[in-house]
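Novice: what's the 3D shape of this:
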Amino acid sequence: MSIRTLTCLFALLAALCAGLARASIADDHAEFTVIVNPNNPVTSIDRAMLRDAYLRKATDWDNGKTIRPVDLSPRFSARDRFTSSILRKTPSQLKSYWSQQIFSGKAVPPPEADSINDVISYVLANPGAIGYLPPGADPGHAKTVQVH
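Specialist: This next block holds a predicted model:
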């Protein structure tokens, strides 16, 4: 194989890898659906704000309502994807984070829902609630928000 052919193949491979990386980054949030109470005026949420809400570093929405995140049970693969993509932690790192927060008296983790319906019910019952669902799950009367 000539150097020119190898160079072209390498350039093609690099372009393909770059495209896949961009698609993966853009589709991170497609691995789960974020929902809020229908009375919440939010239509989209920044990834950093979502992270801070779930790590209890942000406590209030812009409208003054308390942010009330709810987590899916660890048995849902969407939780691992959410933890990795949004919280940028492994499950063991997240467990350690919450142990430190609880021990220091700073915060407690969001409640865990055992089912998709429990997440939706929690979000509908609490005006400041935010949750996430596996992709394709019907959010019922909860409002879906875009993650950017």
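
Novice: any idea where the strands of the chain begin and end?
Specialist: Assigned by DSSP state E, the chain shows strands spanning 33-36, 44-45, 68-69, 71-72, 112-113, 129-133, 143-147.

Novice: Now do the helices in this structure.
Specialist: Along the chain, counting by DSSP state H, helices occupy 3-26, 47-54, 77-85, 91-104, 116-125.

Novice: okay, now residue 38: neighbour count?
Specialist: Using other CB atoms under 10 Å, residue 38 has 13 neighbouring residues. For every residue, glycine as well, the C-beta is placed using N, CA and C.

Novice: who's in contact with it?
Specialist: 124, 141, 142, 143 (CB atoms under 8 Å, 6 or more residues apart in numbering).

Novice: remind me which residues of this protein are low pLDDT?
Specialist: Applying pLDDT under 70 to the chain flags the ranges 1-29.

Novice: Can you give me the domain assignment for it?
Specialist: As recorded under automatic domain parsing, the domains making up the chain are 1-31, 32-147.

Novice: Out of those domains, which is the most enclosed?
Specialist: Ranked by mean neighbour count under mean count of other CB atoms under 10 Å, these are led by domain 32-147, which reaches a mean of 16.

Novice: quick one: terminal-to-terminal distance for it?
Specialist: 10 Å (CA to CA, to the nearest Å).

Novice: What of stretch 55-63?
Specialist: 20 Å.

Novice: any idea how far it is from the chain center?
Specialist: 15 Å (CA atoms, centre = their mean, to the nearest Å).

Novice: ok, residues contacting it?
Specialist: Taking CB under 8 Å, 6+ apart as the rule, stretch 55-63 contacts 40-42, 49, 51-52, 66-67, 69, 87, 97, 101, 106-110, 128.

Novice: Now with 10 Å, please.
Specialist: Residues outside stretch 55-63 that contact it (CB atoms under 10 Å, 6 or more residues apart in numbering) are 36, 39-42, 45, 48-53, 66-69, 86-89, 94, 97-98, 101, 106-110, 127-128, 130.
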